[in-house]
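>>> sequence unknown, structure follows:
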């Protein structure tokens with residue numbers, strides 16, 4: 001290992017320390033370390049040379065890329081639907097249909113989280129929303145702390161797996177993979193994960209009958225009347241995904257049309273007032289700004305890693321070691337799991353892709369399939385210690401549950417994640433590539 005590779009590894013270590021122990025945002029940490037690293041490797045260049053030269057042009061190409069407009073559009077759609085109260089409508093509909101069964105409220109939470117994820121795409125937003133909506137009724141019903149908080153926290157991770165996922169959008173734009181194919185490929189893994197979560201709740205309630213009592217029954221008329229909000233979300237999801245799958249429009253055009261329809265419908269039905277619309281726009285600016293800072297930082301940091309030749313040397317070392325590709329994939333998955341524990345999934349994705357993308361390409365793995373693996377493994381990190389972001393959000397909302405209880409509750413769902421990961425590895429075509437291949 002030469003001096004430049006060691007310097008690259010040192011840069012990665014410094015960046016992680018800045019993020020973990022100083023509270024610096026991942027985007028800013030990558031920007032700082034990448035800039036200093038580039039200057040250190042080429043002392044003759046200056047800050048002006050970096051930002052006005054090819055590196056600056058790369059950053060500009062990121063911000064001026066038409067495809068990246070899909071991010072603020074989907075964020076705005078999710079925020080508008082949240083402020084319009086659709087998360088509560090989804091929860092109440094699922095509660096009416098499934099709440100009377102033992103563990104029904106936990107199942108309700110998971111289904112509502114899946115529905116909200118289909119229009120949101122953010123872990124933290126889903127965790128905060130469903131925490132406020134689902135915790136009071138489960139607490140009032142006497143649900144065990146681990147079950148109620150765990151179901152909310154793991155339900156929030158569906159925002160990364162179920163399309164439209166911001167993480168998949170960034171992955172697709174960075175790697176050049178079709179976003180429409182990525183969204184199509186994520187439908188079955190996302191659906192399987194929801195089913196696995198629900199089965200976990202049913203098994204837990206069958207083994208521990210005192211963990212979750214049953215609720216009140218509802219008539220068929222009551223169940224049908226509460227389906228309005230569900231149908232509205234379903235129609236919006238079908239419009240967006242159907243337009244992309246058929247190739248009629250680009251992902252950006254689908255996002256724009258879907259956002260227009262969603263917000264227009266909310267305003268028409270008076271579910272969204274002026275204040276809610278302004279809050280939606282403010283949150284969209286905040287989240288989009290954070291995402292684009294990460295993208296800019298990742299561009300500079302990626303340039304630094306390329307200068308150290310670390311990604312290519314890593315691929316060369318793995319190639320010469322003759323390790324089985326499955327073993328290499330397992331090692332990469334462990335890295336994403338650990339990275340997801342320590343920081344936001346999007347931030348770690350942008351840190352790691354410059355390292356792992358050349359390696360994955362060299363090993364011959366399908367990039368659409370690998371995107372689903374990355375999303376599944378990193379989203380597991382959002383509910384595992386030491387820095388499971390979703391767990392701390394739920395613990396902060398809950399008045400009678402500690403962070404330790406939330407983490408313990410999430411670990412009850414660990415077999416569901418493992419099962420889905422194994423299904424992805426064992427049946428890549430059946431789970432991902434055949435459906436992605438149908439996209440025009």
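Now that the structure is in, tell me what you want to look at. Treat the numbers as computed from the prediction; the structure is a model and nothing was measured.
>>> my guess is residue 213 contacts residue 144, does it?
No - here residue 213 lies out of contact with residue 144, judged by Cβ atoms under 8 Å, at a distance of 10.4 Å. In this view, the C-beta of every residue, glycine as well, is placed from N, C-alpha and C.
>>> These two - which one has more neighbours?
residue 144 (19 against 14; other Cβ atoms under 10 Å).
>>> separation between that one and residue 137?
Taking Cβ to Cβ, to the nearest Å as the measure, residue 144 falls 14 Å from residue 137.
>>> One more: residue 223?
Distance from residue 223 to residue 137, by Cβ to Cβ: 17 Å.
>>> now residue 330
Distance from residue 330 to residue 137, by Cβ to Cβ: 40 Å.
>>> These two - which one has more neighbours?
residue 137 (18 against 13).
>>> Burial check on the closest residue in space to residue 73 that isn't next to it in sequence, number of neighbours?
In space, and not counting its chain neighbours, residue 73 is closest to residue 255: 3.8 Å by Cβ to Cβ, 6 or more residues apart in numbering. Using other Cβ under 10 Å, the number of residues around residue 255 comes to 26.
>>> Which residues are in contact with residue 255?
Counting by Cβ atoms under 8 Å, 6 or more residues apart in numbering, residue 255 makes contact with 69-70, 73-74, 77, 164, 240.
>>> On the C-terminal side of the helix or strand encompassing it, identify the next helix or strand.
Counting by DSSP states H and E, the element that carries residue 255 is helix 251-268. Next helix or strand after helix 251-268 toward the C-terminus (DSSP H and E): helix 274-308.
>>> Check which residues of that following helix are buried.
By 16 or more other Cβ atoms under 10 Å, the buried positions in helix 274-308 come out as 276-277, 279-280, 283-284, 287-288, 290-305, 307-308.
>>> wait, what's in contact with the closest residue to residue 249 other than its chain neighbours?
Leaving aside its sequence neighbours, residue 249 sits nearest to residue 243 (Cβ to Cβ, 6+ apart; 4.8 Å). By Cβ under 8 Å, 6+ apart, the residues touching residue 243 are 249, 253-254, 257-258.
>>> now swap in residue 31 and tell me
Residue 31 sits in contact with 293, 296-297, 300-301, where contact means Cβ under 8 Å, 6+ apart.
>>> rerun that using 10 Å as the cut-off
15, 24-25, 59, 293-294, 296-301 (Cβ atoms under 10 Å, 6 or more residues apart in numbering).
>>> how about these in JSON lines, adding pLDDT?
Formatted as JSON lines, the contacts of residue 31 follow (pLDDT from 0 to 100):
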{"residue": "15", "pLDDT": "79"}
{"residue": "24", "pLDDT": "77"}
{"residue": "25", "pLDDT": "74"}
{"residue": "59", "pLDDT": "64"}
{"residue": "293", "pLDDT": "78"}
{"residue": "294", "pLDDT": "74"}
{"residue": "296", "pLDDT": "77"}
{"residue": "297", "pLDDT": "78"}
{"residue": "298", "pLDDT": "74"}
{"residue": "299", "pLDDT": "74"}
{"residue": "300", "pLDDT": "78"}
{"residue": "301", "pLDDT": "78"}
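>>> Quick check on the contacts of residue 243: which are buried?
So, by 16+ other Cβ under 10 Å, the buried ones in the contacts of residue 243 are 249, 254, 258.
>>> Save those as JSON lines, and put in distance to residue 133 and pLDDT too.
What follows is the buried ones among the contacts of residue 243, written out as JSON lines (distance: Cβ to Cβ, whole Å; pLDDT from 0 to 100):
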{"residue": "249", "distance to residue 133": "33", "pLDDT": "77"}
{"residue": "254", "distance to residue 133": "28", "pLDDT": "81"}
{"residue": "258", "distance to residue 133": "23", "pLDDT": "82"}
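>>> Going by neighbour count, list what's buried in stretch 141-160.
Those would be 141, 143-160, for stretch 141-160 by 16+ other Cβ under 10 Å.
>>> From these, which land in helices?
Cross-referencing those against helices under DSSP state H gives 141, 145-156, 158-160.
>>> between the residues you listed, which is nearest residue 93?
residue 155 (15.3 Å; Cβ to Cβ).
>>> Correct me if wrong: that closest one contacts residue 116.
Yes - between residue 155 and residue 116 there is a contact under Cβ atoms under 10 Å: 8.8 Å.
>>> what do these two both touch?
By Cβ under 10 Å, 6+ apart, the residues touching both residue 155 and residue 116 are 126, 130.
>>> The helix or strand harbouring residue 407 versus helix 145-156: what angle between them?
Secondary structure assignment for residue 407, by DSSP H and E: helix 403-411. Angle, helix 403-411 to helix 145-156, by axes from the mean of the first three to the mean of the last three Cα atoms, to 10 degrees: 60 degrees.
>>> what's helix 403-411 in contact with?
The contact list for helix 403-411 (Cβ under 10 Å, 6+ apart) reads 106, 144-154, 157, 204, 380, 382-386, 388, 390-398, 401-402, 417.
>>> Quick one: mean pLDDT for that helix?
Averaged over helix 403-411, pLDDT sits at 84.
>>> After it, which helix or strand is next?
helix 414-426.
>>> Other residues contacting that following helix?
154, 157, 161, 188-190, 192-201, 203, 326, 329-330, 333, 337, 369-370, 372-373, 376-377, 379-380, 383-384, 410, 430-432.
>>> what about burial for those residues, which qualify?
154, 157, 161, 188-190, 192-194, 196-198, 200-201, 329, 333, 337, 369-370, 372-373, 376-377, 379-380, 383-384, 410, 431-432.
>>> list the contacts for residue 271?
80-81, 83-86, 89, 229, 232, 265.
>>> what do you get if the cut-off is 8 Å, keeping everything else the same?
84-86 are the contacts of residue 271 under Cβ under 8 Å, 6+ apart.
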